[in-house]
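# need a 3D model of the sequence below.
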Amino acid sequence: MKSLTLVEDFYHEKNCRVSYITTYTLLYVNERMFILQKQIKLIQRPTGTPTKDDFEMVNAPIGKISEGEVLVKTVYISVDPYLRGRMNDTKSYIPPFELNQMISSGVVAQVVDSKSALLEKGDMVLGSLPWQEFSIAKDNTVRKIDHILAPASAYLSVLGMTGLTAYFGLLDIGKPKEGETVVVSGAAGAVGSIVGQIAKIKGAHVVGIAGSDEKVKFLIDELGFDAAINYKTQDVAEALREACPNGIDVYFENVGGEIADAVFPLLNNFARIPVCGAISSYNNEQVDVGPRVQGYLIKTSSLMQGFTIGNYTSRFGEGAKDLATWLTEGKLKYEETITEGFDHTIDAFLDLFKGANLGKSVVKVAEIEKY
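Numbers count the residues shown, from 1 in each chain. Have a look, this model is predicted:
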């Protein structure tokens, strides 16, 4: 990733001088002062696994708000595996990022200036916003949140899109019943860790698949999974047969690849497979080739269904209510890997593909101010 830069030609033409104060940069153009902020842009399409060279950090002025808008300070940024797909120039369920434009994702922010009747200075909001230190947003594109009810970062995990993805994928497609066996891949990740806990709430026998002994211990000791498998050190197929003596009724798919290959032979009749992600193949330069799944689906009359959280926007209130209730009752826990500092946002994103995170990965950019 290139270091902080200015649009040198523009600033030099305008006879400007730059002054650095605390964490911000002041830009003077013809004696007018502008506050500069850091932004992160995608400057080339990744080939295989993304690297820092695919991104650039720049300084740019903060604009002025108009009626019905707010200026917000970024507090937390959500980094998620699905963002990798948006870096490809291919058609998908969500448009790709444009080159030389900012990346965007879920952001928790604080209002620092307002020309809105709906939001005032100091309010905490949640929205899909660019990766920058400050953003200007229309008041109807962000949602006010209560950071007293739950920590602000929780609205990017268990009380946000992550929790809702787990909730609807498992309950609407997986439909676990008491006593059934639910297997979750990527089980120590943001979505998988919540899926497993909801399955336990519904009375299922839950088996998680993760990538380290630390994560296996976390799933069993902290989240209450019945069993967990370290796919890096264990024979997954053999470990699954041992952990799932009655077969598999629900497989929540986050990973794909060889892990999925080990699951299909153990499917029970009328099994359900919600397909949330396939992180094992996100960085592949060639299409994965593996066992064909159609025969297993036919033989067991199983349902395999992909989904995105956008399918459930009209029901967000339902999911959010249940998740908040379970969290308050202590039935649901969440874990976060918090990276400190805007400058380390790309590091946090790249770490997702190394399996370095436990639970939800977020970047803490700033402190919440009291007004």
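# from here on, just use CA atoms for contacts and neighbour counts.
OK.
# distance check, the residue nearest the centre of the chain against residue 266.
The C-alpha lying nearest the average C-alpha coordinate of the chain belongs to residue 80 (CA atoms, centre = their mean; 3.2 Å). Taking CA to CA, to the nearest Å as the criterion, residue 80 is separated from residue 266 by 30 Å.
# and if you look at residue 336?
Per CA to CA, residue 336 is found 32 Å from residue 266.
# ok, the closest residue in space to residue 147 that isn't next to it in sequence - how many residues close by?
What sits nearest to residue 147 in space, not counting adjacent residues and going by CA to CA, 6 or more residues apart in numbering, is residue 124, at 7.2 Å. By other CA atoms under 10 Å, 25 other residues sit near residue 124.
# go on, the one 5 residues further on?
Taking other CA under 10 Å as the criterion, the count of residues near residue 129 is 23.
# low-confidence ranges, the chain, go.
1-34, 279-291 (pLDDT under 70).
# how does it look with 80?
1-35, 278-292 (pLDDT under 80).
# counting contacts, what elements does the strand or helix carrying residue 56 pack onto?
Take DSSP states H and E as the rule and residue 56 turns out to sit in strand 55-61. Packing partners of strand 55-61 (3 or more CA pairs under 8 Å, 6 or more residues apart in numbering; DSSP states H and E): strand 2-5, strand 32-42.
# got the buried residues for it?
For strand 55-61, a neighbour-count test (16 or more other CA atoms under 10 Å) marks 55, 56, 57, 58, 59, 60, 61 as buried.
# who does the second one bridge with?
With beta bridges defined as DSSP bridges, residue 56 has these partners: residue 2, residue 41.
# was I right to think it contacts residue 41?
Yes - distance between residue 56 and residue 41: 5.3 Å, which falls inside the contact criterion (CA atoms under 8 Å).
# before we move on, the earlier item: now do the strand holding residue 56 and strand 32-42, the angle between them.
Using axes from the mean of the first three to the mean of the last three CA atoms, to 10 degrees, the inter-axis angle of strand 55-61 relative to strand 32-42 is 160 degrees.
# gap between the two ends of stretch 184-198?
With CA to CA applied, stretch 184-198 spans 11 Å between its terminal residues.
# same question, stretch 338-352
Rule used - CA to CA; the end-to-end distance of stretch 338-352 is 12 Å.
# what lies in contact with it?
50-52, 55, 77, 79-81, 133, 357, 361-366 (CA atoms under 8 Å, 6 or more residues apart in numbering).
# got the buried residues for it?
Quick answer for stretch 338-352 (16+ other CA under 10 Å): 338, 339, 342, 343, 345, 346, 347, 348, 349, 350, 352.
# next: stretch 164-181.
164-171, 173-177, 180-181.
# okay, now that stretch: how far is its last residue from its first?
Length of stretch 164-181, first residue to last, CA to CA: 21 Å.
# contacts for that stretch, please.
So stretch 164-181 is contacted by 158, 182, 191-192, 194-195, 198-199, 202-207, 244, 246-252, 272-276, 305, 307-309, 312, 316, 319-320, 323 (CA under 8 Å, 6+ apart).
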